[in-house]
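Visitor: fold the following.
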Amino acid sequence: MRDLDMPFTTKLSAALGHPRRLVLIVLAVAVMMGAGTAAAETLDRLSSAAVVDGPIPAGAVGDPSRAYPFGASVTDVAAYGYVEEEFFFSGHTPAGPYTSRMLVRRPADPAKFSGTVVTEWQNVSNNFDLDCLWARSADHLLRSGDAYVAVDAQTVGVDHPDTGLTAWNPQRYDRLRLPAVGTFVAEPAAYEIFGQALRQVRSPDGVAPLGDLTVKQQLVTGCSQSAAALTIYANTVGPLYGAVDGYLLTALSTASIGPATPSAALPQPVAGAAGVPVLQLNTETDSAQFRPPDTDRYRLWEVAGTTHSDHDAQTYLEAVARRDLGREPTPYPCAAPPLSRIPFRNVQNAALDAVKSWARGGPAPAVQPQMDYAADGTVLRDRYGNAFGGIRLPEFAVPVATNNRDNSGGDVCSTLFGRSVPFTSDELHALYPTRQDYLTRFEQATTAAVDSGVLLPGDARDSVDAARASAAIPE
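Guide: Numbers count the residues shown, from 1 in each chain. Predicted coordinates:
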């Protein structure tokens, strides 16, 4: 499936090839959106509410008729007492009228709702919708009783001639239309479409996408390209639309486009403009030698040994593409085995809970150590190639493999996938003379990660159970 990943590196490299270019994009989009108009005119435009229609009738997920929502959850939501529904919503932007869609996953029983809805800007880097956060953290959201909404805001997810919604099922999605003005993250209508969706999720006028659920807080998230889009959103119309209590932005820095160093954290401007808590969560692929300082409204966490796309995310992506597009994965031409096995999802789960508490007025998440860098901006590494510094999950702090951002071989190997290469038997024996040595150190590292706020107790138990069941270290 490597062909599906190419648009990301091509587009992101062009858009974010220099850290200052993001600022230029923000300014350009602001102009396109009419930032220079009178305040009264702007507020009048934002006062118009989208009209929601649905839920749209759906057949069995995976049926050859395709009479179901594209990108329906791979995780079985019904097993958790949830329902999944699709809604269309229509409105107006200065670029023209639109009709888009949102996917809703919520507890069927309002009494089991946590009060938090997590709304994600769908990632379209593969030319079709991918719910990045859900791909890694679905089980955590479902166990927590949170509602989840995925919003289509960009044209490529709707209009791509091969994999867009209208091509995938013309009958189901014939009504969908987005203004074709701009491209990639410079689509001015996308930001107003997203803002109008957030309002309807938080305070519905007419059809309520979340049914009888009462929302107490709405957290907004996006990964990679979508994190760049949310940066622009939060710095332009986001504060005018409101309805956001906190942001969790993942996997974006200048390093995301390739190995060039030194690297800088993106999005930098969000913390000051958003007016609500912002937690930026990056993989080692997205490491940032230059980063904005942590403040009472901004945190940046970097997770050592993790990669922009890892085994969890790619497995989910491939399942969607196999079921909905009939595409089987093909081997990646990487020089080393790709895709980190360090569970980035576990820190993402902890980050979600941290932002929830922070947005309710609780303490800011703990400041975490940044990656260690050489003078030339490269990440410092141990003899095995594993990074120094950063958040160190037990699977990385007590390693059985090299997991890092470096690889080669073309396509996305060197930019997004990194490597995961198991240690040899001799290396393992040198590190852990006995299996009990390994388990003792692993349990100590697990306790340290929980104490530092980057690993939830439930995920910690799962990690320890997996280590005990692992055959990597023989008796």
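Visitor: isn't Arg101 up against Tyr173?
Guide: Yes: contact criterion CB atoms under 8 Å: Arg101 and Tyr173 qualify, at 7.5 Å. All C-beta spots, glycine's among them, are computed from the backbone N, C-alpha and C.
Visitor: now do the shared contacts for the two.
Guide: Leu165 (CB atoms under 8 Å, 6 or more residues apart in numbering).
Visitor: more crowded one of these two?
Guide: Shown here are Arg101 and Tyr173; by other CB atoms under 10 Å, Arg101 has more neighbours (27 against 23).
Visitor: so which strand or helix has the more buried one?
Guide: Take DSSP states H and E as the rule and Arg101 turns out to sit in strand 96-107.
Visitor: what mean pLDDT does that strand get?
Guide: If you average the pLDDT over strand 96-107, you get 97.
Visitor: use 147 as the first number for this chain going forward.
Guide: Noted, 147 is the first residue going forward, which turns the last one into strand 242-253.
Visitor: now it, how far from the centre of its chain.
Guide: From the chain centre to the centre of strand 242-253 is a distance of 18 Å (CA atoms, centre = their mean, to the nearest Å).
Visitor: and the next helix or strand past that strand?
Guide: Next element after strand 242-253 (DSSP H and E): strand 262-267.
Visitor: give me the number of residues near the spatially closest residue to Ala450 that is not a sequence neighbour?
Guide: Setting aside the residues directly before and after it, Ala450 is nearest to Gly536 in space (CB to CB, 6 or more residues apart in numbering), at 3.5 Å. Applying other CB under 10 Å, we find 23 residues neighbouring Gly536.
Visitor: report the contact partners of Gly536.
Guide: 430, 433, 448-451, 514-518.
Visitor: could you pull up phi and psi at Glu232?
Guide: phi -110, psi 140 (degrees, to the nearest 10).
Visitor: so it touches Leu249, yeah?
Guide: Yes: counting by CB under 8 Å, Glu232 touches Leu249, with 5.6 Å between them.
Visitor: need the residues touching each of these two.
Guide: Shared contacts of Glu232 and Leu249 (CB under 8 Å, 6+ apart): Pro215.
Visitor: where do the strands sit along the stretch 497-621 of the chain?
Guide: According to DSSP state E, counting those that start in this stretch, the stretch 497-621 of the chain carries its strands in the segments 547-550, 565-568.
Visitor: how about the last one: buried residues?
Guide: Right, the one you point to is strand 565-568. The neighbour-count check on strand 565-568 (16 or more other CB atoms under 10 Å) flags 565-566 as buried.
Visitor: equivalent analysis for stretch 213-220, please.
Guide: The neighbour-count check on stretch 213-220 (16+ other CB under 10 Å) flags 214-220 as buried.
Visitor: filter the contacts of Gly536 to the buried ones?
Guide: The buried subset of the contacts of Gly536 - by 16+ other CB under 10 Å - is 430, 433, 448-451, 514, 516-517.
Visitor: in JSON lines, list the contacts of Gly536 along with pLDDT and distance to Gly200.
Guide: Below are these laid out as JSON lines (pLDDT from 0 to 100; distance: CB to CB, whole Å):
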{"residue": "Glu430", "pLDDT": "94", "distance to Gly200": "40"}
{"residue": "Ser433", "pLDDT": "88", "distance to Gly200": "41"}
{"residue": "Glu448", "pLDDT": "96", "distance to Gly200": "39"}
{"residue": "Val449", "pLDDT": "98", "distance to Gly200": "37"}
{"residue": "Ala450", "pLDDT": "98", "distance to Gly200": "43"}
{"residue": "Gly451", "pLDDT": "97", "distance to Gly200": "42"}
{"residue": "Gln514", "pLDDT": "97", "distance to Gly200": "40"}
{"residue": "Pro515", "pLDDT": "96", "distance to Gly200": "45"}
{"residue": "Gln516", "pLDDT": "93", "distance to Gly200": "44"}
{"residue": "Met517", "pLDDT": "94", "distance to Gly200": "44"}
{"residue": "Asp518", "pLDDT": "95", "distance to Gly200": "50"}
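Visitor: now, which of those residues sits nearest Tyr294?
Guide: Taking CB to CB as the measure, Val449 is the one of the contacts of Gly536 closest to Tyr294, at 22.1 Å.
Visitor: distance to Ala496, secondary structure and pLDDT added to the buried residues of stretch 213-220, as JSON lines?
Guide: Shown next, in JSON lines, are the buried residues of stretch 213-220 (distance: CB to CB, whole Å; DSSP: H, G, I helix; E, B strand; the rest coil; pLDDT from 0 to 100):
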{"residue": "Tyr214", "distance to Ala496": "33", "secondary structure": "coil", "pLDDT": "98"}
{"residue": "Pro215", "distance to Ala496": "29", "secondary structure": "coil", "pLDDT": "98"}
{"residue": "Phe216", "distance to Ala496": "30", "secondary structure": "coil", "pLDDT": "98"}
{"residue": "Gly217", "distance to Ala496": "26", "secondary structure": "coil", "pLDDT": "97"}
{"residue": "Ala218", "distance to Ala496": "27", "secondary structure": "coil", "pLDDT": "98"}
{"residue": "Ser219", "distance to Ala496": "22", "secondary structure": "coil", "pLDDT": "98"}
{"residue": "Val220", "distance to Ala496": "23", "secondary structure": "coil", "pLDDT": "97"}
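Visitor: pick the one among the residues you listed closest to Pro307.
Guide: For those, the minimum distance to Pro307 (CB to CB) is 14.9 Å, reached by Phe216.
Visitor: the bottom helix or strand of this structure by mean pLDDT?
Guide: Least confident helix or strand of the chain, by mean pLDDT, DSSP states H and E, is helix 148-162 with a mean of 39.
Visitor: could you check which helix or strand contains Gly303?
Guide: helix 301-305.
Visitor: what's downstream of that helix, the next helix or strand?
Guide: Using DSSP H and E, the helix or strand that follows helix 301-305 towards the C-terminus is helix 311-314.
Visitor: quick check: buried residues in that following helix?
Guide: Neighbour-count burial for helix 311-314, counted by 16+ other CB under 10 Å, picks out 311-312, 314.
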